[in-house]
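Undergrad: quick one, fold the following:
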Amino acid sequence: MDTPHGRLTAPAAVLLKVVALAANTKTDLDPLATRAARRKSISLVTGSPTPVFKVEDLRIPGPAQPIPVRIYRPTETRAASPVIVYFHGGGWVVGDLDSHDNLCRSLAVKANAIVVAVDYRLAPEHRFPAAADDAYAAVLWVAANTRTLGADPANIVVAGDSAGGNLAAVVAQLSRDLGGPKLRAQLLLYPAVDLSRLDRQSTIDFANGLFLTRERMAWFIDLYVPDKAARIYAKVSPLLAVNYQGLAPAIVVTAKFDPLRDEGEEYANALRKAGVPVHLRRFEGMIHGFMSMDRWFPEAGEATNWVSEQLVE
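TA: Coordinates of the predicted model:
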């Protein structure tokens, strides 16, 4: 479908019509109701679960309470494997281990890596810095337990999409600044990296009708970081960090019709200018969240193939 900003793929146009028919456009929805609606929609957008050798749910120590995690093992191999610590998207308000189950399965198989998905605390019950603190604690736990996990301590990757991409970028900076584990890479899928403003061109161009709206972004941010003065902190907005040098190499995916596109690409370019190795790819015709919508988009498989190739280089 042709738009003023380029061509949207036919499946994306159809999906957006389905979403529009079912959507409640109010931005003051109860978070619990929003979570319930998101859980109901999972089967509508994801395909059949990608088979993996083993999936294990457990709880690990957290800064405030135990953190649920789900560990995916692609094979039975006992050799030390790469490990991806994955933070789901959902605006720091929705999402859980089930919402991104198939994406984590695909990454495990295609990158031949153990994936540890992290069910960090959500807002508004747990506002900033709860999610970031849980995310960093999970990486520290993985680093301390690589032998038990069968993971390679020199091959730890932080990863996430949207709000989870924000957390992955934040954790990469925290790990550098606080003497945490040296990370092999940071995998950022259409990340939210600047919560201090919503006026970039892609946010304006794609403010409505393309799954993630500008109003919904503002709603998420208000719930996660109600203190507007705190939104300039690097732990909230990693794009606003004063120093990018020494960060883990980055693999960044953006989508053409995504309000977050420009800030994700701006972050990739800022890292590159600071000497950080960066692989950046924009997927044309795609909307925010497309990698979790493999039932609709063959590009989801293409994207997981591409990021996995970068990880195994």
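
Undergrad: per-residue confidence for residue 20?
TA: Here, the pLDDT recorded for residue 20 equals 70.

Undergrad: gap between it and residue 286?
TA: Distance, residue 20 to residue 286, using Cβ to Cβ, to the nearest Å: 18 Å. Placement of C-beta: from N, CA and C, glycine included.

Undergrad: more neighbours, these two?
TA: Legend: neighbour count by other Cβ atoms under 10 Å for residue 20 and residue 286, higher for residue 286 (28 against 12).

Undergrad: tell me the contacts of that one?
TA: 9, 12, 255, 256, 257, 258, 297, 299 (Cβ atoms under 8 Å, 6 or more residues apart in numbering).

Undergrad: what about the third one, how many residues nearby?
TA: The reference is to residue 255. By other Cβ under 10 Å, the residues close to residue 255 number 29.

Undergrad: all strands of the stretch 101-250 of the chain, in order?
TA: Assigned by DSSP state E, counting those that start in this stretch, the stretch 101-250 of the chain shows strands spanning 114-118, 151-161, 185-189, 250-257.

Undergrad: sheet partners, orientation included, of the first one?
TA: Read that as strand 114-118. With DSSP bridges as the test, strand 114-118 is paired with strand 67-73 (antiparallel), strand 81-87 (parallel).

Undergrad: same thing with the longest one?
TA: For strand 151-161, sheet partners with direction are given as strand 81-87 (parallel), strand 185-189 (parallel), following DSSP bridges.

Undergrad: and those: which comes nearest residue 278?
TA: strand 185-189 (9.8 Å; Cβ to Cβ).

Undergrad: tell me the mean pLDDT for that closest one?
TA: On average, strand 185-189 scores 98.

Undergrad: and that strand, how far from the chain's centre?
TA: Relative to its parent chain, strand 185-189 has a centroid offset of 8 Å by Cα atoms, centre = their mean, to the nearest Å.

Undergrad: and the angle from that strand to strand 250-257?
TA: Between the axes of strand 185-189 and strand 250-257, defined by axes from the mean of the first three to the mean of the last three Cα atoms, to 10 degrees, the angle is 10 degrees.

Undergrad: ok so, going back, out of the strands of the stretch 101-250 of the chain, the one nearest residue 176 is which?
TA: Short answer: strand 185-189, nearest of these by Cβ to Cβ, at 10.4 Å.

Undergrad: list the contacts of the closest one.
TA: 84, 89, 157-162, 164-165, 168-169, 171-172, 247-253, 264, 267-268, 291, 303, 307, 310-311.

Undergrad: try stretch 229-245
TA: 128-129, 132, 166, 169-170, 172-174, 193-196, 221, 225, 263, 266-267, 270-271, 273-276.

Undergrad: just the buried residues of these.
TA: 128-129, 132, 166, 169-170, 172-174, 193-196, 221, 225, 263, 267, 270-271, 276 (16 or more other Cβ atoms under 10 Å).

Undergrad: can you list which of those are found in helices?
TA: 132, 166, 169, 170, 172, 173, 174, 221, 263, 267, 270, 271 (DSSP state H).

Undergrad: from those residues, pick the one nearest residue 149.
TA: So of these, ranked by how close each gets to residue 149 (Cβ to Cβ), first place is residue 172, at 19.9 Å.

Undergrad: contacting residues for the closest one?
TA: Contacts of residue 172 by Cβ under 8 Å, 6+ apart are 158, 183, 186, 238, 247, 248, 250.

Undergrad: 6 Å instead, please
TA: 158, 183, 186, 247, 248 (Cβ atoms under 6 Å, 6 or more residues apart in numbering).

Undergrad: number of residues surrounding the first one?
TA: What it means is residue 158. 32.

Undergrad: was I right about it contacting residue 86?
TA: No. Assessed by Cβ atoms under 6 Å, residue 158 is found out of contact with residue 86, at 8.2 Å.

Undergrad: hmm, back to that, need the winner for burial among the strands paired with strand 114-118.
TA: Greatest average neighbour count among those goes to strand 81-87 (a mean of 27), per mean count of other Cβ atoms under 10 Å.

Undergrad: right, I'll leave it there.
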